[in-house]
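J.: Show me how the following folds:
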Amino acid sequence: MNQFGNYLECSVDNKILNIAIVINHDIYSGGGFQYSYMVLNLLKKYHNDKTIKLSFYSINKDISNDYQDLDLEIKKISENLFQKIHRIALKNLYFYNFFKKLGLRKSKIESKILKDGIDLIYFLSPSQITHSLSELPYIITLWDLGHLNLIEFPELSNNKIFEGREENYSKSLKKAINVIVDSTYLKNYCISKYNLEENRIEILPFLPNVLIVDNKNYINIKEKYNIKNDYIFYPAQFWAHKNHMYILKAIKILRYEHNIDVSVVFSGSNKGNLNYILKSAKSMGIENLIHYVGFVKNEEIPYLYKQSLSLVMPTYLGPTNIPPLEAFAYETPVCYSDMPFFREQFEESVFFMDLNNPNSLSENILFIKNNKDIVDYKILNGKNILDNWKEEDFYNKLLKVFKRYQYIRECWE
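T.: A predicted model of the protein is given here:
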């Protein structure tokens, strides 16, 4: 029950609600793609409410091939240069009123979506498209506010990235009928920083994208990549805040202080920091322990997890990342950054790392190699986390968000 009453029961004629789901991320976008795929997959599997019709759109990107196994019709809306400039200008109230007098108060994107009979837009990621909307209400997804607490990193401060995000979130979050976040931490942070209404923020924790392991197509990771030692695995794009350097320092400690070689498998696309990491590994004398495999196919991912000593994720950015959830599903130990938002969610399920001390990781690796009982205990706790929040739970809570607006939407023609 909220301020609108029990909308699920009170709705009289169940008017059909048409929702546009906007997808921005292609397969090379890392976590953005994984999140989008997860949401679309569960909607495909569970949505059967005949009073809510879902349509799918991408803006200026032909990404349908990246989601083709979901068999969804994704409509592409393209803009030419003038149409894009027009849309950007509409976010300014002065220009909006100017274009309104000319009969141009709606962008091409909004006009197209309205023409399709859409009542509500659901953005699977933050989007500046929201700034130009004049009629359509929207739900928006927010993954983090890293630009506020990770100002030191170039990808979150240089080239006016900070100012761009701050302007985007200040405008888009306040007008959203709902903001989807992944954790209590991020909900409270949004309220604190942007003074949002608490009842407008919905917590839908992330879910892993888990692939069924088919032993008929077994992949021997060590053989494929010529890895001679046990290895740790880190799937992350090469941004500075992903902190690949921390892993190099820990591996160096193992080699030169403990006389133990542990290899590393890095996967993910290069966002500008790859060459620096590879050169640093060479200068540390550990280049033969580093295996950069780039972008890997989906069928390889389960084996990368399952054959590793541990997933190691020393990222500075939270509050949630998908790889630890995938590791839980594949029964792989997890070494994770010791941050308050990670402890809130995973206290007894992972081995925490002090990011100011690479010895913390090297000690964790040695412990994992020699303490199977504790490792199994952590893995079991990780499985329990997944058991306590399933796909059906995510879908049902999202459906309630849709239903709330559906009930309100019956108040006008």
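J.: neighbours of Phe352, just the number please.
T.: 18 (other C-beta atoms under 10 Å). Heads up, the C-betas are built off the backbone N, CA and C, glycines and all.
J.: Report the residue ranges of every domain in this structure.
T.: The record's domain split for the chain, according to automatic domain parsing, is 7-207+390-409, 215-387.
J.: Would you convert the ones you listed into JSON lines that also reports mean pLDDT?
T.: Converted to JSON lines, the domains of the chain look like this (pLDDT from 0 to 100):
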{"stretch": "domain 7-207+390-409", "mean pLDDT": "92"}
{"stretch": "domain 215-387", "mean pLDDT": "95"}
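J.: Pick the most buried one from the ones you listed.
T.: Of all the domains of the chain, domain 215-387 carries the top mean neighbour count, a mean of 18, counting by mean count of other C-beta atoms under 10 Å.
J.: First-to-last residue distance for that domain?
T.: The stretch domain 215-387 measures 24 Å between its terminal residues, going by C-alpha to C-alpha, to the nearest Å.
J.: How far away from the center of its chain is that domain?
T.: In this view, domain 215-387 has its centroid 18 Å away from the chain centroid, taken as C-alpha atoms, centre = their mean, to the nearest Å.
J.: Give me the phi and psi for Ile21.
T.: According to degrees, to the nearest 10, the main-chain angles of Ile21 amount to phi -100, psi 120.
J.: For it, list the residues it contacts.
T.: With contact taken as C-beta atoms under 8 Å, 6 or more residues apart in numbering, Ile21 is in contact with 40, 43, 54-57, 121-122, 124.
J.: same question, Thr320
T.: If you count contacts by C-beta under 8 Å, 6+ apart, then Thr320 has 143, 182-183, 205-206, 341, 345 around it.
J.: would you say it is within a helix?
T.: No. Thr320 sits outside any helix when classified using DSSP: H, G, I helix; E, B strand; the rest coil, being coil.
J.: Could you number the chain from 612 rather than 1 from now on?
T.: Shifting the count to begin at 612 puts that one at Thr931.
J.: Show me where the protein has its strands.
T.: 628-634, 663-670, 685-688, 731-734, 749-752, 789-792, 812-814, 842-846, 874-878, 901-905, 921-924, 945-948, 962-964 (DSSP state E).
J.: do you know which of those strands lies nearest Arg866?
T.: Of all the strands of the chain, strand 874-878 sits nearest to Arg866, with 10.6 Å by C-beta to C-beta.
J.: contacts for the closest one?
T.: When contacts are taken as C-beta under 8 Å, 6+ apart, the neighbours of strand 874-878 outside the stretch itself are 832, 836, 838-847, 849, 855, 858-859, 862, 888, 900-907, 915, 919, 923.
J.: quick one: it to strand 901-905, angle?
T.: Strand 874-878 runs at 20 degrees relative to strand 901-905, counting by axes from the mean of the first three to the mean of the last three C-alpha atoms, to 10 degrees.
J.: Just checking: what are the partner strands of strand 874-878?
T.: Each strand paired with strand 874-878, and its direction, by DSSP bridges: strand 842-846 (parallel), strand 901-905 (parallel).
J.: In CSV, list those strands along with distance to Phe710.
T.: Supplementary listing: the strands paired with strand 874-878 in CSV, determined by distance: least, C-beta to C-beta, whole Å:
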stretch, distance to Phe710
strand 842-846, 45
strand 901-905, 45
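J.: Ok, which of those strands comes nearest Lys695?
T.: The stretch from the strands paired with strand 874-878 with the least distance to Lys695 (C-beta to C-beta) is strand 901-905; that distance is 31.9 Å.
J.: Give me the contact list for that closest one.
T.: When contacts are defined by C-beta under 8 Å, 6+ apart, strand 901-905 is touched by residues 836-838, 842, 859, 862, 874-880, 885, 888-889, 892.
J.: so how far does stretch 944-952 reach from one end to the other?
T.: Counting by C-alpha to C-alpha: the opening and closing residues of stretch 944-952 are 19 Å apart.
J.: From the contact counts, what lies against the helix ranked longest in the chain?
T.: Selection of the longest helix in the chain by residue count, based on DSSP state H, yields helix 1002-1020. If contacts are counted by 3 or more C-beta pairs under 8 Å, 6 or more residues apart in numbering; DSSP states H and E, helix 1002-1020 sits against helix 618-621, strand 628-634, helix 642-657, strand 663-670, strand 731-734, strand 789-792.
J.: what angle separates it from strand 663-670?
T.: For helix 1002-1020 against strand 663-670, the angle by the same axes, to 10 degrees is 100 degrees.
J.: what angle separates helix 1002-1020 from helix 642-657?
T.: Using the same axes, to 10 degrees, one finds that helix 1002-1020 and helix 642-657 are set 80 degrees apart in direction.
J.: Please export the C-alpha coordinates of helix 1002-1020 as CSV.
T.: Extracted C-alpha coordinates of helix 1002-1020, given in CSV (Å, rounded to 0.1, in the frame of the first residue of the first chain):
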residue,chain,number,x,y,z
GLU,A,1002,14.5,-13.5,-11.4
GLU,A,1003,10.9,-13.9,-10.4
ASP,A,1004,11.4,-11.5,-7.5
PHE,A,1005,13.0,-8.9,-9.8
TYR,A,1006,10.2,-9.2,-12.4
ASN,A,1007,7.4,-9.1,-9.8
LYS,A,1008,8.7,-5.9,-8.2
LEU,A,1009,9.2,-4.3,-11.6
LEU,A,1010,5.7,-5.3,-12.5
LYS,A,1011,4.4,-3.5,-9.4
VAL,A,1012,6.2,-0.3,-10.6
PHE,A,1013,4.4,-0.6,-14.0
LYS,A,1014,1.0,-1.4,-12.3
ARG,A,1015,1.3,1.7,-10.1
TYR,A,1016,1.6,3.9,-13.1
GLN,A,1017,-1.1,2.0,-15.0
TYR,A,1018,-3.6,2.7,-12.2
ILE,A,1019,-2.7,6.5,-12.3
ARG,A,1020,-2.8,6.5,-16.1
